[in-house]
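J.: Here's my sequence, what's the structure:
(one chain, ligands or ions: 1)
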Amino acid sequence: MNTRRDFLQKMGASALMLQLSSVITFANTPNQIEQPYDGKVLRVAIMGLGGYATRVAEAMKACTKAKLVGVISGTPSKVKDWQMKYKIAEKNCYNYDTFDQVKNNPDIDAIYVITPNALHHSHVIRVAKAGKHVICEKPMALNTKEGQEMIDACKKAKVRLLVGYRMHFEPQTLEVIRMRNAGDFGKIMFFQGQCGFKIGDPKQWRLNKALAGGGSMMDIGIYAINGARYMVGEEPVWVTAQETKTNPAIFKEGVDETIQFQLGFPSGAVASCLSSYNINHLDRFYVSGDKGFAEMQPSTGYGPIKGRTHKGELTQPITTHQTTQMDKMATIIFEDDKPVVPVDGEEGLKDLRIIEAIYQAVKTGEKVKLTA
Ligand code: NAD
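T.: Numbering: from 1, shown residues only. Have a look, this model is predicted:
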């Protein structure tokens, strides 16, 4: 069965996106004809043309509701490459000194900030001041103070602030959430989230406290925090945490290598999580209730996500996360669509609050209470 995405991937031409109204394609459900999309397309400029930005740009080729139209980069050669590869007009190219002028560009609706963590705060606030919607990568900021300032700046400028939580649109993840809400697992008692990988090059910004804001917790542990919240379906009320550091030469002061942490929820459910930059093959969620369970492995990698529950294997479609994310974000921005799990600034702030509590718990060795 052909899908619109298959079709677009085969064609590989983003220029076709605006002509979709003349194309009739077929949905995944047999015998159901998908209506061609002739609505508004979110015209996006990407800021920071690194590894993840490239993945997003490739995935956006298959979007129907979002389109890559601009870039912001400090490296002219990268801008040229991207212009060629994605057919980006010269007038939609900026650098870090000039991008405030995007306010005078009616052909860009939103800017996707995909720069190192420490730059998100100033980049998002500048984009907001330029009057454009902002999508910001996780972690949204280095701390809650910064996160709140970003939310306030976007509110003041009347632009949307969304955080790149791609798992919030992933079909198997959403099925587990649906089953939990339907009571299939009974009362949720326990969540386990294991997120980690062995980090490579010791010189990369991810191991530089000033640019990363921390270590594995800021980068990969945040998935276990966020996952604990959307899998249990509650906000934690306490945190305990313990750090292990085996290589202080690479993982310097303030850059965590491995942290185990525990969360307690109002219902009495507990979570046990692991975040590491020094353990490979850690990508697993497990949620257990008094009537059933769900297990996902991989749970947050680029996919394919693989899940099973006490009822059997999950069979939801395998998606390219960033394609779905960007199409859904277009409907959030233009149609005020409400996703099952939020992706707004407040959602990003909730994770930052927990990260701060985890770091505090590591430092003090004490249980840290969380208040909303
Ligand atoms: P990267 O190092 O591959 O790219 C970072 C880009 O920022 C580079 O193009 C670099 O030139 C640019 N940059 C601008 N100013 C810079 C400065 N002062 N110092 C260093 N680089 C600077 O990193 P990445 O993996 O693309 O990560 C970027 C962001 O995306 C991070 O916040 C990260 O957490 C996030 N990310 C999210 C996912 C996800 O699945 N949602 C995956 C990977 C990364």
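J.: gap between Leu370 and the ligand?
T.: 23 Å (Cβ to the nearest ligand atom, to the nearest Å). Where you see a C-beta, it was placed from the backbone N, CA and C, and this is true even at glycine.
J.: Backbone dihedrals for that residue, please?
T.: Phi and psi for Leu370, reported as degrees, to the nearest 10, are phi -110, psi 130.
J.: Pull the number of nearby residues for it.
T.: For Leu370, the neighbour count with other Cβ atoms under 10 Å is 16.
J.: That one touches Val239, doesn't it?
T.: Yes: if you go by Cβ atoms under 8 Å, Leu370 and Val239 touch, sitting 6.3 Å apart.
J.: domain ranges for this protein?
T.: 42-163, 167-317+343-369 (automatic domain parsing).
J.: Now do the longest one: distance from first to last residue.
T.: The one in question is domain 167-317+343-369. The first residue of domain 167-317+343-369 is 27 Å away from its last residue (Cα to Cα, to the nearest Å).
J.: What's the mean pLDDT across it?
T.: Averaged across domain 167-317+343-369, the pLDDT comes to 98.
J.: part of a helix, is Val56?
T.: Yes: applying DSSP: H, G, I helix; E, B strand; the rest coil, one finds Val56 inside a helix.
J.: For it, list the residues it contacts.
T.: Ile46, Tyr112, Ile114, Gln322, Met326 (Cβ atoms under 8 Å, 6 or more residues apart in numbering).
J.: and of the residues you listed, the nearest to the ligand?
T.: For these, the residue nearest the ligand by Cβ to the nearest ligand atom is Ile114; the value is 4.7 Å.
J.: Pull up the residues of the chain that are close to the ligand.
T.: By the rule Cβ under 6 Å from any ligand atom, the part of the chain lying against the ligand is 48-53, 74, 114-117, 119, 137-138, 164, 166, 205, 211, 219.
J.: what about the residue nearest to Thr320 when sequence neighbours are not counted, neighbour count?
T.: Excluding its sequence neighbours, the residue lying closest to Thr320 (Cβ to Cβ, 6 or more residues apart in numbering) is Ala59, at 4.9 Å. When neighbours are defined as other Cβ under 10 Å, Ala59 has 22 of them.
J.: Who are the contact partners of the residue lying closest to Cys154 once chain neighbours are set aside?
T.: Counting by Cβ to Cβ, 6+ apart, Leu161 is the residue found nearest to Cys154 once chain neighbours are left out, at 3.9 Å. Contacts for Leu161 (Cβ under 8 Å, 6+ apart) come out as Val124, Ala128, His133, Val134, Cys136, Met150, Ile151, Cys154, Asp344, Gly345.
J.: so of those, which ones are in strands?
T.: His133, Val134, Cys136 (DSSP state E).
J.: and of those residues, the nearest to Val176?
T.: Val176 has its nearest neighbour among those in Cys136, at 25.8 Å by Cβ to Cβ.
J.: how about the closest residue to the closest one other than its chain neighbours, what does it touch?
T.: Spatially, and ignoring its direct neighbours in sequence, Cys136 is nearest to Val113 (4.6 Å; Cβ to Cβ, 6+ apart). Applying Cβ under 8 Å, 6+ apart, one finds that Val113 lies in contact with Met47, Gly48, Leu119, His120, His123, Val124, Val127, Val134, Ile135, Cys136, Glu137.
J.: Quick check: the farthest pair among those?
T.: Farthest pair in the contacts of Val113, by Cβ to Cβ: Leu119 and Ile135, 14.5 Å.
J.: Quick check: Arg353 touching Leu370?
T.: Yes: Arg353 lies in contact with Leu370 (Cβ under 8 Å); the separation is 6.6 Å.
J.: Please report phi then psi for the residue of the stretch 201-350 of the chain at minimum distance from the ligand.
T.: As assessed by Cβ to the nearest ligand atom, the ligand sits closest to Trp205 within the stretch 201-350 of the chain, at 4.9 Å. Note on Trp205: its backbone torsions stand at phi -60, psi -20 [degrees, to the nearest 10].
J.: Offset the numbering so it begins at 44, please.
T.: Happy to do that; since the first residue is 44 now, the last one works out to Trp248.
J.: count of neighbours near it?
T.: Counted by other Cβ under 10 Å, the residues lying close to Trp248 total 15.
J.: Can you report phi and psi for the spatially closest residue to it that is not a sequence neighbour?
T.: Using Cβ to Cβ, 6+ apart and skipping residues adjacent in sequence, the residue nearest Trp248 is Leu254, 4.1 Å away. Backbone torsions for Leu254, taken as degrees, to the nearest 10, come to phi -90, psi -30.
J.: I'd like to know how far Leu254 sits from Leu162.
T.: Applying Cβ to Cβ, to the nearest Å, the value for Leu254 to Leu162 is 8 Å.
J.: Show me which of the two is the more surrounded one.
T.: Leu162 (18 against 15).
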